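# pasting a predicted model and its sequence here:
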Amino acid sequence: MMENIIHDYLRPKKSFPHVWCPGCGDGIVLNAMVRAIHSLGKSKDEVVFVSGIGCSSRAPAYTDFSSLHGIHGRALPFATGIKLANPKLTVVVFSGDGDALAIGGNHFIHACRRNIDITVVVINNNIYGMTGGQASPTMPTGAYGATAPYGNLDRPFDVCKLAAAAGANYVARATAFQFFQLEKCIKEGIEKKGFSVIEAVTPCPSLYSFFNNTGRGVDMLKKLRDRAVTTQKAATLSPAELEDKIVTGVFANENFREYCAGYAELVEKAERSKKNEESL
Amino acid sequence: MMENIIHDYLRPKKSFPHVWCPGCGDGIVLNAMVRAIHSLGKSKDEVVFVSGIGCSSRAPAYTDFSSLHGIHGRALPFATGIKLANPKLTVVVFSGDGDALAIGGNHFIHACRRNIDITVVVINNNIYGMTGGQASPTMPTGAYGATAPYGNLDRPFDVCKLAAAAGANYVARATAFQFFQLEKCIKEGIEKKGFSVIEAVTPCPSLYSFFNNTGRGVDMLKKLRDRAVTTQKAATLSPAELEDKIVTGVFANENFREYCAGYAELVEKAERSKKNEESL
Amino acid sequence: MLFYKLFKDKDGRKVGFVQANEACIEAALLAGMRFFAGYPITPSSEMASVSSEKLPMYGGKFIQMEDEIAAMTAVCGASMAGLKAMTATSGPGFSLKQEAIGYAAMNEIPCVIVNVQRAGPSTGLPTQVSQGDVMQARWGTHGDHPIIVLSPSTVVETADLTFDAFNLAEKYRTPVILLMDETLAHMREKITLPAENELKLVERKRATVPPSDYRSFDTRFGDVPPFEPYGGKYHFHITGLTHDEMGFPIVEPDDVVKAMDRIHRKINNNLDDIVKVKQFQTDDAEILLVSFGTPVRTCLGAMEIGRKEGLKIGVLQLQTIWPFPDKAVLNLAKKIGKIFVVELNMGQIINEVQRASQGKSNIKGINKYDGLFISPDEILSHILESKG
Amino acid sequence: MLFYKLFKDKDGRKVGFVQANEACIEAALLAGMRFFAGYPITPSSEMASVSSEKLPMYGGKFIQMEDEIAAMTAVCGASMAGLKAMTATSGPGFSLKQEAIGYAAMNEIPCVIVNVQRAGPSTGLPTQVSQGDVMQARWGTHGDHPIIVLSPSTVVETADLTFDAFNLAEKYRTPVILLMDETLAHMREKITLPAENELKLVERKRATVPPSDYRSFDTRFGDVPPFEPYGGKYHFHITGLTHDEMGFPIVEPDDVVKAMDRIHRKINNNLDDIVKVKQFQTDDAEILLVSFGTPVRTCLGAMEIGRKEGLKIGVLQLQTIWPFPDKAVLNLAKKIGKIFVVELNMGQIINEVQRASQGKSNIKGINKYDGLFISPDEILSHILESKG
Amino acid sequence: MKSLYEIRFSGSGGQGIITAGMVLGEGASLFDGKYVVQTQSYGPEARGGACKTELIIADYPVNYPKPILADILLAMSQAAYDKYIHEIKDDAFVVVDSSLVQYKPAKGVYPVPITKLAAEEVGLKVTANVVALGVISSLTKIASYEALERALLSRVPRGTEEINKKALALGKKLEFKDNV
Amino acid sequence: MKSLYEIRFSGSGGQGIITAGMVLGEGASLFDGKYVVQTQSYGPEARGGACKTELIIADYPVNYPKPILADILLAMSQAAYDKYIHEIKDDAFVVVDSSLVQYKPAKGVYPVPITKLAAEEVGLKVTANVVALGVISSLTKIASYEALERALLSRVPRGTEEINKKALALGKKLEFKDNV
Amino acid sequence: MEKSKTFLFVKKNWCKKCGICVEFCPKGVFKLGKDGYPEIVALDKCVECKLCISLCPDFAIFSNPEKKKDYEDR
Amino acid sequence: MEKSKTFLFVKKNWCKKCGICVEFCPKGVFKLGKDGYPEIVALDKCVECKLCISLCPDFAIFSNPEKKKDYEDR
Ligand SMILES: Cc1ncc(C[n+]2csc(CCOP(=O)(O)OP(=O)(O)O)c2C)c(N)n1
Ligand SMILES: Cc1ncc(C[n+]2csc(CCOP(=O)(O)OP(=O)(O)O)c2C)c(N)n1
Ligand code: SF4
Ligand code: SF4
Ligand code: SF4
Ligand code: SF4
Ligand code: SF4
Ligand code: SF4
Ligand SMILES: [Mg+2]
Ligand SMILES: [Mg+2]
């Protein structure tokens, strides 16, 4: 029988439907996350979901993993505290493009640098959904938003490039349409010892669409389907051909020492340097 | 006659000697900055020096350019406000490795992304000097500091790689020993329309040396001299050979549209969309 | 994308049926605001949106920064470069801005910070009303610092106090906080903006000495130092360290005291100019409602109803909250035996009213903190209850 | 690299001649602190250094975060994962932590935040003493929130109040602030730490219900909800949004009030347990010095000298500053006609003393804010001056 | 006419409830010269939750800005109807969108299949809010038709003027009975 | 012996002034059983500015933690001498590093070329602070030699025990006169 | 796995009528109903590719009758 | 430019005795003096490479007699 795994994981006492708009990609990403965790055979006891603030950051509330819905931009340091305090936990972070890369950009690059064993899914809808459609750090130049009435002036971050440059062990990108690929990337990210970044490109059919006329969720998913190219394919395309494309695949897959493992080594050094106290 | 240009630029009413320790690299960097500005023929009226907090951030107080000694980590947004308010100004930022990349890391990557025409010199002494020698985000793994008694656990950022990935137009690195190269990079950075990052690797003979036994300023400068290799040279070296090296040279030299220029274009659009008000 | 439209009335004044968030920015533009740096947050986000659309039309600059700290520091930078500058936020962002607000106070950087209060603490109730940040507005940053805080109760008053905020900021070289709330922010009323020639704008005092004699914080011309923007013949330094007139760091105790005293004195010696209250039917009042912001309207509603039923209610509105209107409160406390302090929080300004009234009156709080606006009924039932 | 050494005395207790910064961490370790996240800042940095060296020896974790916000949120995370956690900072960092402190209060996350006060505002005088953040400690974050603030005056008391801070944090599931100052931080005195078996440690109350019946904020067992750490059979949610017992967001006004009332009530109903003051020769005092933190020592010095000269001085030390010791102050205000509030700031706690004493006494401030510590002479000359 | 009206429009996000209030408020205040204050509230949900706007329209300045018992209630969702039907004055006008709401017939309750009419007669479902305005205007005379039309046209996206006019007119020309 | 001593050590950063105070404080408090409180202050400069540490050493608990007029003053720089020479008691001991400081001979003023001795006799200039401690100990008896030595050895880096002992002993065995 | 075992059910009070299942099912198992909700019209064509249950943003498609029951009154 | 024109002067109250000029002058123009300050001992050898004035962290080396005068009492 074909199982919809997520129904084994929804929080018993939480009421549904969830808050997200019709056709919003956030539910798809949560679904992929749950499948990835399920396929890894993790117990619910050992997983903690962490998020900041934003539409996407509502995700952790819905599933029956312990969870922390934090403050805007700070999901990663909350998660760092949890992970370092109890390295046995599988700590997973949901963070919007604004949450992870606007106010939270510093924590993002430092988590990459520290390479702590946390997996963050950056749910990139190219906009601030929760607050009404302002330009986010991944909004394309020229796109419209509540604070970009003349077209966005800024250039978007390449989230994966930034994460790799900052030192994350695992970096990958998939669109919400590529569900199975997304699930696989998340799975690989969680399995990887070290910091893992998965950029999930999602539709915001309410606000991104309101300002940019991109249609309903269905339309936006179709667009994502059509724009996605693999890294391999991308390598064969000219910059002009790449213009509107979303390059998906794995961008970094390293094995730098993980932070908590490093800490364990440090503790040994400390033990050795412990001196006996002198009597008065 | 051989001129020591800096004497034309010291602040008339400021008392000297400055606060920096004997052999500290901060004075050398300030000197290089002044020479670069001088060689560009900029008037004192059109330059503003901005900094955050740290030993290195004391630099702007000493020269006769208008200056803002801000709060820790925020030099770049202060500078962004100044530059956007008056794009005619040449805005130059001095920022320590802690100031620019620890607390200020987010502003750093966003300034790169925005590509606003500011030149920042990241004065990288691999430590927090001002507060007594704690580990900074550029401290090498294994080095010692006031908060790294067992050797630093973290991995250092590659400042230039990060800046380039975040989108800065110009990115270069030189050591304090390579004075003329440093001056040249700063000059190129200021000339470049767009955001420019110059990483100046400097000795902190007080605190870095205290924890790591690296000797006096003279010794540390010698070490910098010996460790520096050009990007060209670096390309020929194995990872093992590169281990202790400092790769110097230019890492990015792009011509993406500058932010204030973009704003000017936007203003034109706005003018056009200005509607006449209807009478009641 | 604007959700309102302004019309010209017969006298050439702009009129519109607008939200307070919109009124604030329209007034700010007229007051000369030419720089807005923001980071979106409910329920203040409309201010960023309106600014992003309108500022380029006025030759001004809008920038969305990466966070609230960056927005506040960019505002400081822009003001130092000579533009009238503002930012707007709500509780969580206001908390983040605190360090930089202290910097502005220390370096006497004129600027306006709007906090549209929503229910806290923490993320709280983002779309619901509160006045929970009124003490924070005074004490949110570390260290003793001067601050001016104004609080409007109607859309029209929002525009008026926005003018005042910019004028006070420039006149006293100081950050000014405009404390609004969610109900007001999203409330629409008709405003009539002054015509250009009706504007009474204050501009920061410029230097009269030659560049070589300029001091960043010159006290030779009174407690408010003249100001020259970056980018001219005047070269000067500023720092968040305690500093002398040149802007250079000091540690000498007497100098420190001198510096601290002056930045406080420039406010405290001008309370008559800065501190504004409004009194409604306090002459014969036996019961005084003290309030600020939108709940003042409810107090007035309660006063109308109460008076019909024989309750001699008067209302004291604190338009300026900080510096606290000690004098007005004490005077009324001496006259009126019963004071109710009406606030949409668990009791903040009541502490000040208690302090200022020196035990002269019987003071009770009427507090609402369930995320809803307060109704006249609620006030009246408190009054009646306390009558026994 | 530690700059002190502990010895064992004959009873097996550790003794040492240490700074208050060092004493605080040593006491914290004994109190069970197993997580420290920090960002260096003068004059608190020694706490990070000592923690970085000692925590690994105790099986605990030290992490230097990228800024103070990250440090404070990491502390919240670690505490939710079950470790007793702390951070330490000074003014500028304290301002930055405010938003996350509100989160801790809202989610009832036990933790200890040390603020070593230096002179502000802004960067101010980083190496000099002040008590300028005492109001900020109460009101620094947005929205009404409960908070406990303790303030020691000696190195020994620093250790004692550090124990108290951790115990109160765990007992009441709340953030506790330890408010120190630069003079104390760098002051060395002898401390004798309790032996392991002498420790009276409070651990957070654990759940007694089965996982399926667990609630994040269960009120069935009193106002302080039992706590289960992340990583066990208990799966639960927390959020900075106003929430119900399950930790799920609410907007229903009655529920909001219930939630807000409880988190305040758990503190306010236990004032006798939380609020601690010390009285010195107040029985026959005609002049009362009210103070907190290191200046208490100066008050005691002034009392000694003053009494020799016939001035009947008594001293009230506020060990707990928040919740404010209203009762103790009012009682003494009723008895003693003259109160001087001694603080190293421009007048902050004096406002509370004025409020709490309800006009019953004549209250004056003795304020020092030049970056130096206050001397008995300065206090005595104020007293004499006001005598006329 | 009363000198002060308390008005409540309620429904769900996306129905244009707040816009309807804005048009009414702007019309009454700017073009009819009334004193108006409009407030609004929305749920914590990003979009689509319950949504409400309230207006006081008076001949004199208004202090307390919220209705207590409504003179005019527009209910565009079941939840809105259930929640607010009891908070009205005895002589209140209640307009319910009978294509969406199960209501109890009563004096003063005017059922109009607003959304259905918008979809079928105007040809655009999202003009339901404008149809509702037309209905309210003709039923209650709270604002002049001209004022409403002008306010409406000043706000609608360019190119949609005609269809909006049509929607308003449709609402206006309906005949009403309070179905008791 | 008095029952309370007010002590001030002052010089510049890098001279080990504060360390000297720590050793004296630790010795007196942990090993001599006195009540001690030590405070310190340093300038805003990163390093090398003026630097001061103060101690109260008493037979009973100490409240006010700072000296007013010193019983013992150690001046290791000109600035320190100039600033604090007037804030002493009549019977104070004043130790000046005569290799660095121009002083005015007076009763109670003991000039010792501390830094010079450290460099020449001990062979390590940075032990000047320890030499100074030795001098003060033997001159004032403020702490026992044993206590000081123990406190000193508990703090100095491994491998430097002997040279530090030598420095302390040197200070102790000097003979003093107050040069009047 | 036999085709006949496939079970699919759309829980209407969770479904937000986004149409994703209708659009992306490769086999046309769903059709847009008059009320805007998807209707299952060709269950026999289902190849169990899981696309519908994966892409439904509202977890509204149940593929297990047991689970459907568990969630009936939620 | 003639060699003889070279002027160099170390302003002692700015110099912090770091020894950088002594170490890095390629021509041995400086020598470490007994008091720790650099002494100019071979000005004639100076090739005006500017390394000393560039690397001196304290701006303590003056190469222009006019400027030296300006700064005499600072
Ligand atoms: C300190 C702070 N600043 C601002 C906000 C307002 N805010 C909430 S969510 C958000 C951005 C949401 O964008 P994103 O992270 O991309 O998430 P999305 O809603 O798009 O999923 C903002 C600015 C806040 N809650 N806290
Ligand atoms: C908000 C805040 N946090 C911390 C500090 C303390 N602080 C001052 S400078 C500094 C770091 C200095 O390091 P860096 O930027 O590398 O400059 P350096 O002193 O090494 O030149 C720190 C942590 C501060 N002033 N403000
Ligand atoms: S606003 Fe956008 S991101 Fe937020 S729930 Fe709606 S569709 Fe999703
Ligand atoms: S501490 Fe280091 S960085 Fe700071 S002034 Fe001294 S040498 Fe320079
Ligand atoms: S499993 Fe595949 S084939 Fe079957 S209904 Fe779903 S999408 Fe269609
Ligand atoms: S994908 Fe889900 S929510 Fe969307 S129409 Fe199908 S069942 Fe409904
Ligand atoms: S200019 Fe060059 S050669 Fe001349 S003294 Fe300086 S370093 Fe030596
Ligand atoms: S380099 Fe400058 S500071 Fe160093 S020794 Fe030479 S002159 Fe003195
Ligand atoms: Mg987003
Ligand atoms: Mg540094």
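Nice, thanks for sending it over. Residues are numbered from 1 along each chain as shown, chains lettered A, B, ... in the order given. Ligands and ions are numbered 1, 2, ... in the order given.
# so which residue is dead centre in the chain?
You didn't pick a chain, so chain A it is. For chain A, the residue nearest the mean C-alpha position is A:Val121 (1.4 Å; Cα atoms, centre = their mean).
# look at chain G instead
Among the residues of chain G, the smallest C-alpha distance to the mean C-alpha position (Cα atoms, centre = their mean) belongs to G:Ile61, namely 4.1 Å.
# hang on, the residue nearest to the centre of chain A in a strand?
Yes: counting by DSSP: H, G, I helix; E, B strand; the rest coil, A:Val121 is located in a strand.
# what bridges to it?
Each beta-bridge partner of A:Val121 is listed here, defined by DSSP bridges: A:Phe94, A:Ile198.
# can you tell me the element A:Phe108 falls in?
With elements delineated by DSSP states H and E, A:Phe108 resides in helix A:105-114, which encompasses its position.
# check which helices and strands that helix sits against.
Contacts defined by 3 or more Cβ pairs under 8 Å, 6 or more residues apart in numbering or on different chains; DSSP states H and E place helix A:105-114 against helix A:75-85, strand A:118-124, helix A:159-166, helix B:105-114, helix D:68-80. (Glycine included, C-beta is placed from N, CA and C.)
# tabulate the ones you listed (CSV), appending mean pLDDT and distance to ligand 8.
Converted to CSV, these look like this (pLDDT from 0 to 100; distance: least, Cβ to the nearest ligand atom, whole Å):
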stretch, mean pLDDT, distance to ligand 8
helix A:75-85, 98, 42
strand A:118-124, 98, 47
helix A:159-166, 98, 37
helix B:105-114, 98, 31
helix D:68-80, 98, 36
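# among those, which comes closest to ligand 6?
Comparison of the helices and strands packed on helix A:105-114 against ligand 6 by Cβ to the nearest ligand atom identifies strand A:118-124 as nearest, at 18.2 Å.
# what distance separates the closest one from the centre of its chain?
The gap between the average C-alpha position of strand A:118-124 and the chain average comes to 1 Å, counting by Cα atoms, centre = their mean, to the nearest Å.
# kindly report the same for stretch C:34-44.
Its chain's average C-alpha position is 15 Å from that of stretch C:34-44, according to Cα atoms, centre = their mean.
# can that stretch be said to contact ligand 1?
Yes: legend: contact between stretch C:34-44 and ligand 1 by Cβ under 6 Å from any ligand atom is shown at C:Tyr39, C:Pro40, C:Ile41.
# pLDDT wise, what is the first one at?
With respect to pLDDT, C:Tyr39 has a value of 98.
# check contacts around it.
A:Ala102, A:Ile103, C:Ala48, C:Gln64, C:Met65, C:Glu66, C:Asp67, C:Glu68, C:Ala70, C:Ala71, C:Thr89, C:Gly93 (Cβ atoms under 8 Å, 6 or more residues apart in numbering or on different chains).
# I'd like the residues you listed laid out as JSON lines, including neighbour count and distance to ligand 9.
Rendered in JSON lines, the data for these read as follows (neighbours: other Cβ atoms under 10 Å in any protein chain shown; distance: Cβ to the ion, whole Å):
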{"residue": "A:Ala102", "neighbour count": "28", "distance to ligand 9": "9"}
{"residue": "A:Ile103", "neighbour count": "28", "distance to ligand 9": "12"}
{"residue": "C:Ala48", "neighbour count": "29", "distance to ligand 9": "16"}
{"residue": "C:Gln64", "neighbour count": "27", "distance to ligand 9": "14"}
{"residue": "C:Met65", "neighbour count": "25", "distance to ligand 9": "17"}
{"residue": "C:Glu66", "neighbour count": "28", "distance to ligand 9": "14"}
{"residue": "C:Asp67", "neighbour count": "24", "distance to ligand 9": "15"}
{"residue": "C:Glu68", "neighbour count": "28", "distance to ligand 9": "17"}
{"residue": "C:Ala70", "neighbour count": "33", "distance to ligand 9": "18"}
{"residue": "C:Ala71", "neighbour count": "28", "distance to ligand 9": "19"}
{"residue": "C:Thr89", "neighbour count": "26", "distance to ligand 9": "19"}
{"residue": "C:Gly93", "neighbour count": "27", "distance to ligand 9": "17"}
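# closest residue of the stretch 151-280 of chain A to ligand 2?
A:Ala166 (18.1 Å).
# repeat that for the stretch 51-200 of chain A.
In the stretch 51-200 of chain A, the residue that lies nearest ligand 2 is A:Asn106 (12.9 Å; Cβ to the nearest ligand atom).
# what about that residue, how many neighbours?
For A:Asn106, the number of neighbouring residues by other Cβ atoms under 10 Å in any protein chain shown comes to 31.
# try E:Leu153
15.
# and if you look at G:Lys31?
As a burial measure, G:Lys31 scores 12 neighbours (other Cβ under 10 Å).
# pretty sure it sits in a helix.
No: according to three-state DSSP, G:Lys31 belongs to no helix; its state is strand.
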